[in-house]
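>>> Sequence plus the predicted model coming up.
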Amino acid sequence: MQIKSLALAATLLAAAAPAFAADYVQQSGSSLTFATKYQGEVFAGSLPGFTARLSFDPAQLATSKLDVVIPMAGANTKNAERDDTLKGVDFFSIAKFPQARFTATKFRSLGGNNYAADGSLSLRGVAKPVTLNFTWTPGDKPVLAGKATVKRLDFNVGGGDWADTSIIPNEVAVSTKVVFAAAK
């Protein structure tokens with residue numbers, strides 16, 4: 001009788017234990033880009049070298065989390081003069097703030113394979129809430145494809161004369177496609 005009680009207790013404990021999301025690591029083929037305007041002309045850039053780690057299960061959103069580390073020195077708009085300006089003290093100030101980081105621990109379903117990751121972006125020593133809306137394509141190499149809007153002035157990006165939003169809008173569109181594989 002005591003053995004049956006222990007077995008029942010163990011089964012109940014296992015059933016009550018929270019399920020955890022699957023862990024994933026970033027694979028090649030991933031990208032992180034941004035786009036905005038300068039004096040009305042659209043320009044885009046990439047932030048290569050970022051690393052993303054994800055714990056995610058659509059059925060267990062409460063235990064999901066995302067951590068993205070972005071080295072800012074790699075910012076590339078294919079215009080050397082603009083890239084140097086972006087890396088300087090008026091924009092990313094990479095000497096003082098070499099990396100940005102996005103972390104999210106609150107995930108919401110938006111229906112179908114669409115989700116939102118509510119998190120915090122740390123950029124130039126400032127941390128502010130940012131939401132990444134994304135689609136999740138499951139498989140052997142699942143893909144997270146997402147978009148966010150970052151208000152650059154909230155992070156002191158583009159200060160001084162560059163704070164004029166008629167020259168550069170406050171909103172910067174950020175897009176990502178991250179290819180993952182199950183962590184081992």
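Received, thanks.
>>> Report all helices and strands that the helix or strand hosting Val179 contacts.
In the assignment (DSSP states H and E), Val179 maps to strand 171-182. Identification of packing neighbours for strand 171-182 by 3 or more CB pairs under 8 Å, 6 or more residues apart in numbering; DSSP states H and E yields strand 22-26, strand 31-38, strand 51-56, strand 143-151. From N, CA and C alone the C-beta is placed, and that goes for glycine too.
>>> what's across from Lys151 in the sheet?
Glu171 (DSSP bridges).
>>> Correction: the previous question concerned Asn114.
Counting by DSSP bridges, Asn114 is bridged to Gly111, Thr135.
>>> That one reaches Leu144, doesn't it?
No: applying CB atoms under 8 Å, one finds Asn114 not in contact with Leu144, separated by 11.3 Å.
>>> who has more neighbours, the two?
Leu144 (23 against 13; other CB atoms under 10 Å).
>>> what comes into contact with stretch 122-136?
Residues outside stretch 122-136 that contact it (CB atoms under 8 Å, 6 or more residues apart in numbering): 56, 58, 66, 92-93, 96-97, 100-102, 104, 110, 113-121, 142-148, 150-151, 154-157, 176.
>>> Bridged to Leu54, which residues?
Leu54 has these beta-bridge partners by DSSP bridges: Tyr24, Leu66.
>>> circling back to that earlier point, any idea which of the helices and strands packed on strand 171-182 is most buried?
For the helices and strands packed on strand 171-182, the largest average neighbour count (mean count of other CB atoms under 10 Å) is found in strand 51-56, namely a mean of 19.
>>> Just name the shakiest helix or strand of the protein by mean pLDDT.
Taking mean pLDDT, DSSP states H and E as the measure, the chain has helix 2-16 as its least confident helix or strand, at a mean of 41.
>>> Any regions of the protein where pLDDT drops low?
Applying pLDDT under 70 to the chain flags residues 1-20.
>>> give me that answer again for 90
1-21, 159-161, 184 (pLDDT under 90).
>>> So among the contacts of stretch 122-136, which ones count as buried?
Those of these that meet the buried threshold are 56, 66, 92-93, 97, 100, 102, 104, 115-117, 119, 121, 142-146, 148, 150, 155-157, 176, by 16 or more other CB atoms under 10 Å.
>>> Just the angle for whichever strand or helix holds Ala116 relative to strand 171-182, thanks.
Using DSSP H and E, Ala116 sits in strand 114-123. Relative orientation of strand 114-123 and strand 171-182, computed by axes from the mean of the first three to the mean of the last three CA atoms, to 10 degrees: 110 degrees.
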